[in-house]
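Trainee: 3D, please:
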Amino acid sequence: MPHVTPELLTALRPLLAAEASAEAQAGGTDPGDLEQAVWLRLLERLHAGGAPADPHGWLRKAVRLEARRTRRTARRERPYAGEPADEREHGPEHLALAAARRRALHGAVRRLPGRCPRLMAALLSPKDLTYREIAGELGISQGSIGPERSRCLGCLRRLLTGEVAAREPRG
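Mentor: Alright, predicted model coming up:
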């Protein structure tokens, strides 16, 4: 297991800055906050028992994990001051409608052509997979995910538009 030296930390700094900047931009967070959180995780790891075997790989993984943690936290946070929470948002009717929308979406995703069902399921996964992870899981190149996703979303949009239009009352 390598020992973390000041030289290694100096060498990791530009990599951390680049990784944090890329993840922060994609997730809408501050790169400095992300960098600080990763440095803290490294210090905690060093204090708990040692340096990572592959510092560069560990750093990349740690940045992604911290970015995901930040996104999940931001989704759950609610403003403290201001208007009281709207009780209707969490009522049984709202929950039933949200569940029905999720079922309709997942049903439409399953009816998509080609590789679209698997790709959309990976993109909708609660695991919050990166493009790299999705590419590995589906056995496709990372660069093809964006164009494929756009094509699949277009198909999904047409499919859902047809269903919504067909269910509207005629008058």
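Trainee: so how far is stretch 64-71 from its chain's centroid?
Mentor: Distance of stretch 64-71 from its chain centroid, counting by C-alpha atoms, centre = their mean, to the nearest Å, is 8 Å.
Trainee: which residues touch the most centrally placed residue in the chain?
Mentor: For the chain, the residue nearest the mean C-alpha position is Asp128 (3.6 Å; C-alpha atoms, centre = their mean). Asp128 sits next to Arg68, Arg71, Arg72 when contact means C-beta atoms under 8 Å, 6 or more residues apart in numbering. Where C-beta positions appear, they are placed from N, C-alpha and C, glycine not excepted.
Trainee: on the three-state scheme, the first one is what?
Mentor: Recorded secondary structure, Arg68: helix (DSSP: H, G, I helix; E, B strand; the rest coil).
Trainee: other SSEs contacting the helix or strand in which Leu156 is found?
Mentor: Using DSSP states H and E, Leu156 falls within helix 145-167. Judged by 3 or more C-beta pairs under 8 Å, 6 or more residues apart in numbering; DSSP states H and E, helix 145-167 is in contact with helix 92-110, helix 116-123, helix 131-138.
Trainee: out of these, which is the most enclosed?
Mentor: A comparison of the helices and strands packed on helix 145-167 by mean neighbour count, using mean count of other C-beta atoms under 10 Å, puts helix 116-123 on top with a mean of 19.
Trainee: what residues does that one touch?
Mentor: 109-112, 129, 134, 137-138, 145, 148-149, 151-152, 155-156.
Trainee: from the contacts of Asp128, keep the buried residues only.
Mentor: Arg68, Arg71 (16 or more other C-beta atoms under 10 Å).
Trainee: tabulate the contacts of Asp128 (TSV), appending distance to Asp54.
Mentor: As requested, these are exported to TSV (distance: C-beta to C-beta, whole Å):
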residue	distance to Asp54
Arg68	20
Arg71	25
Arg72	26
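Trainee: Ala17: neighbour count?
Mentor: For Ala17, the number of neighbouring residues by other C-beta atoms under 10 Å comes to 14.
Trainee: distance check, the closest residue to it other than its chain neighbours against Gln25.
Mentor: Here the nearest residue to Ala17 in space, its sequence neighbours aside, is Glu35; by C-beta to C-beta, 6 or more residues apart in numbering that works out to 6.5 Å. Glu35 sits 13 Å away from Gln25, going by C-beta to C-beta, to the nearest Å.
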